[in-house]
Every structure is written in structure tokens, then in C-alpha cells.
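Visitor: No sequence on hand, only this structure:
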């Protein structure tokens with residue numbers, strides 16, 4: 001059975017600050033218990049993707065959500 005969603009990208013478009021679009025139309029869900037490997041050539045967007053997963057970069061279109069963190073906050077846990 002798939003685990004609880006940890007990170008959800010819905011039709012995300014993203015560019016590096018002052019740069020070209022790196023990610024365009026990305027829809028992806030990371031679930032509890034899954035393991036992923038992100039591969040690609042230099043400059044293909046791996047770091048941009050990782051920074052988006054960590055919440056360091058924001059989508060210019062679409063949305064990125066962290067459902068498990070939101071549920072923990074709603075339960076009264078302090079999450080920074």
C-alpha cells in the first residue's frame with residue numbers, strides 16, 4: 001500500500017532566479033516509504049528540483065504542498 005504523501009507537485013513550472021525555465025509541467029508525489037533517485041546531465045534541473053522539494057524555491061506556476069507537515073502542524077506540533 002502506498003504511504004502518506006510527503007511532497008506533492010502539481011503542474012509545477014520553475015526557473016532559477018534570473019534564469020531560464022528549468023522545470024515545466026511537473027506533476028509528482030513522494031510518498032512515505034518510497035525511495036527516488038533524481039538523475040540527469042549537468043544543468044538539467046536536479047538541484048532546482050531538490051531545492052523545490054526542500055521549500056527553498058517556489059513555483060512560478062502550479063503548486064507544491066507538504067501534506068504530512070501540514071497534518072503535523074494541525075495536530076499541534078511545532079514545525080519550522
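Guide: Yep, it's here. As the structure is a prediction and not an experimental result, all values here were calculated from the model.

Visitor: Show me which positions of stretch 42-57 end up buried.
Guide: Within stretch 42-57, the residues scored as buried using 16 or more other Cβ atoms under 10 Å are 45, 48-49, 52-53, 57. From N, CA and C alone the C-beta is placed, and that goes for glycine too.

Visitor: do the same with stretch 10-22
Guide: So for stretch 10-22, counting by 16+ other Cβ under 10 Å, buried means 12, 14-15, 22.

Visitor: ok, the residues you listed vs residue 79, which is closest?
Guide: Taking Cβ to Cβ as the measure, residue 79 lies nearest residue 12 of the buried residues of stretch 10-22, at 21.9 Å.

Visitor: Tell me if that closest one really is in a strand.
Guide: Yes. Assigned with DSSP: H, G, I helix; E, B strand; the rest coil, residue 12 falls within a strand.

Visitor: Chain neighbours aside, what residue packs nearest to it?
Guide: Of all residues not flanking residue 12 in the chain, residue 62 sits nearest, at 4.0 Å (Cβ to Cβ, 6 or more residues apart in numbering).

Visitor: which other residues reach the helix or strand hosting the one you found?
Guide: Using DSSP states H and E, residue 62 maps to strand 61-65. The contact list for strand 61-65 (Cβ atoms under 8 Å, 6 or more residues apart in numbering) reads 7-13, 25-27, 52-53, 55, 58.

Visitor: What count of nearby residues applies to the residue nearest to residue 12?
Guide: A total of 16 residues lie near residue 62 under the criterion other Cβ atoms under 10 Å.

Visitor: show me the contacts for the most centrally placed residue in the chain.
Guide: Geometric centre of the chain, nearest residue: residue 53, 3.2 Å, by Cα atoms, centre = their mean. By Cβ under 8 Å, 6+ apart, residue 53 lies in contact with 7, 30, 64.

Visitor: With distance to residue 40 and pLDDT added, can I get those residues in TSV?
Guide: Output for the contacts of residue 53, formatted as TSV (distance: Cβ to Cβ, whole Å; pLDDT from 0 to 100):
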residue	distance to residue 40	pLDDT
7	19	94
30	17	94
64	19	94
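
Visitor: All good on my end, thank you.
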